[in-house]
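Chemist: Okay, structure incoming, though there's no sequence with it:
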């Protein structure tokens, strides 16, 4: 293996093929488990798997959760408001493309 | 350092009520929130507004700030008075939480008035606090996540590549890392580099680096997810009679059969010729018929002959 190969960092692509377990997902997002549970209850996140013990979140959900946390904390938006804002932001992004 | 006019930042009078200040802050925070705003300087403005609110919402800090006097102009060279604002001892802000908290992410002006400098030794790491600002807590704490945007040519997304990033350390130094761009990455996808964010404190682990991918504009191709879009100019006779023509793809030139009777705007699919993945994207070819210019006598004669021999009204269904 060459030195260049050693130095290249391989990242994790946060796409729909990546599945993260509940605890790891919370850790990556810097989110409490309770907050993530509330986001799921609000329909902001739709994990795969049946019950909470078996939830698996896609890599794409990381961004959604991080934005949800910022909107909730920075603007004091409640969770239904966060859900609405996220949907509208995604719609705007889609229309801008 | 420059004086900060926090009242001007929030657009309120010096005698504004707490409610007025809160209302002004909320409005500006929504306007400049980096996740919502498309303003070029949104993040910087959001921080300024947050800093102003941090001072003016708190009666103690607001009083200390007001003691500096009303004659200062924003941007005016400012030196903190000895002993702190109003000649009192250096004002130190702390919350009621055990261990004390030290705000960061604020300007030097703020820190000169209300803080004791950044990253005091022995304090804990950063956690997310109100209004998006961070405060340090006692105990091991994970470092902050960092976010970066990387612009790459489409060819790099097709083949995979690596890029060197220059990262700024909290101490002001720089470090370089070389990161792999995975083959098949699409626009706005993010790559997480675990442990490449800000260092943790008191033994806490480092934060992560989130890298968002953007594509450089390409003269031929446009990406739509994993699909690659291309507009292909064809001649009227290629479209009318059908023809096999060469089409550029990210993987090289391929032959495409244009069906007879094609019109401008017809879309043809080259399956699997888009960005790689499971499944790979397609290349979508949109035909655009280009007519040769009637630039010579011969060409003009030929067009005249076509007018006579090929009667055709493309506006027939428009009543034209």
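Modeler: Arrived safely, thanks for sending. Quick caveat: nothing in here was measured; it's all calculated off a predicted structure.

Chemist: so who does residue B:63 touch?
Modeler: Under the criterion of CB atoms under 8 Å, 6 or more residues apart in numbering or on different chains, the contact list for residue B:63 is empty. The C-beta positions use only the backbone N, C-alpha and C, and glycine is treated the same way.

Chemist: residue closest to the middle of chain A?
Modeler: The residue lying closest to the centre of chain A (CA atoms, centre = their mean) is residue A:62, at 2.2 Å.

Chemist: With adjacent residues omitted, what lies nearest to it?
Modeler: residue A:14 (5.2 Å; CB to CB, 6 or more residues apart in numbering or on different chains).

Chemist: Flag every residue of the stretch 101-250 of chain B that's near chain A.
Modeler: Taking CB under 8 Å from any CB of the partner chain as the measure of proximity, the stretch 101-250 of chain B contacts chain A at B:128-132, B:142, B:145, B:162, B:177-180, B:182, B:185-186, B:189-194, B:196, B:208, B:210-211, B:224.

Chemist: Now, of those, which are buried?
Modeler: Using 16 or more other CB atoms under 10 Å in any protein chain shown as the burial test, those include B:128-129, B:131-132, B:142, B:145, B:179-180, B:182, B:185-186, B:189-193, B:196, B:208, B:210-211 as buried.

Chemist: hang on, the earlier thing: tell me which helix or strand the residue nearest to the centre of chain A sits in.
Modeler: Here residue A:62 sits within helix A:60-74, counting by DSSP states H and E.

Chemist: Residue B:287: what secondary structure?
Modeler: strand (DSSP: H, G, I helix; E, B strand; the rest coil).

Chemist: hang on, the earlier thing: for residue A:93, see how far away the residue nearest to the centre of chain A is.
Modeler: 16 Å (CB to CB, to the nearest Å).

Chemist: Residue B:149: what secondary structure?
Modeler: strand.

Chemist: let me fix that: residue B:143
Modeler: Applying three-state DSSP: residue B:143 is coil.

Chemist: Could you tell me how many residues sit around it?
Modeler: As a burial measure, residue B:143 scores 20 neighbours (other CB atoms under 10 Å in any protein chain shown).

Chemist: Flag the shaky bits of the chain, pLDDT-wise.
Modeler: Just so you know, I chose chain A. For chain A, applying pLDDT under 70 flags the ranges A:1-6.

Chemist: sorry, should have said chain B
Modeler: Ranges of chain B meeting pLDDT under 70: B:74-75, B:80-105, B:115-138, B:320.

Chemist: Kindly provide the distance from the residue most central in space within it to residue A:13.
Modeler: For chain B, the residue sitting closest to the mean C-alpha position, by CA atoms, centre = their mean, is residue B:149 at 6.5 Å. Distance, residue B:149 to residue A:13, by CB to CB: 16 Å.

Chemist: can you check residue A:76 too?
Modeler: Counting by CB to CB, the gap from residue A:76 to residue A:13 is 33 Å.

Chemist: Between the two, point out the one with more neighbours.
Modeler: Between residue A:76 and residue A:13, counting by other CB under 10 Å, residue A:13 is the more crowded of the two (20 against 12).

Chemist: any idea how far that one is from chain B?
Modeler: The gap separating residue A:13 from chain B is 5 Å, by CB to the nearest CB, to the nearest Å.

Chemist: tell me which residues form a beta bridge with that residue?
Modeler: Going by DSSP bridges, residue A:13 is paired in beta bridges with residue B:191.

Chemist: Pretty sure it sits against residue A:60.
Modeler: No: using CB atoms under 8 Å, residue A:13 is not in contact with residue A:60, being 10.1 Å away.

Chemist: which residues touch the closest residue to residue A:10 other than its chain neighbours?
Modeler: Leaving out its chain neighbours, the residue that sits closest to residue A:10 by CB to CB, 6+ apart is residue B:180, at 5.0 Å. Contacts for residue B:180 (CB under 8 Å, 6+ apart) come out as A:8-11, B:160-162.

Chemist: Can you lay out those as JSON lines showing distance to residue B:47 and secondary structure?
Modeler: As requested, the contacts of residue B:180 are exported to JSON lines (distance: CB to CB, whole Å; DSSP: H, G, I helix; E, B strand; the rest coil):
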{"residue": "A:8", "distance to residue B:47": "34", "secondary structure": "strand"}
{"residue": "A:9", "distance to residue B:47": "29", "secondary structure": "strand"}
{"residue": "A:10", "distance to residue B:47": "33", "secondary structure": "coil"}
{"residue": "A:11", "distance to residue B:47": "27", "secondary structure": "coil"}
{"residue": "B:160", "distance to residue B:47": "36", "secondary structure": "coil"}
{"residue": "B:161", "distance to residue B:47": "33", "secondary structure": "strand"}
{"residue": "B:162", "distance to residue B:47": "32", "secondary structure": "strand"}
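
Chemist: closest to residue B:290 among those residues?
Modeler: Using CB to CB, residue B:161 comes nearest to residue B:290 of the contacts of residue B:180, at 34.3 Å.

Chemist: ok, the spatially closest residue to that closest one that is not a sequence neighbour - contacts?
Modeler: Distance criterion CB to CB, 6+ apart; nearest residue to residue B:161, sequence neighbours excluded, is residue B:181 at 4.5 Å. Residue B:181 is in contact with B:150, B:152, B:156-157, B:160-163, B:191, B:213, counting by CB under 8 Å, 6+ apart.

Chemist: ditto for residue B:239
Modeler: Shown in contact with residue B:239 (CB under 8 Å, 6+ apart): B:258, B:261-264, B:287, B:289.
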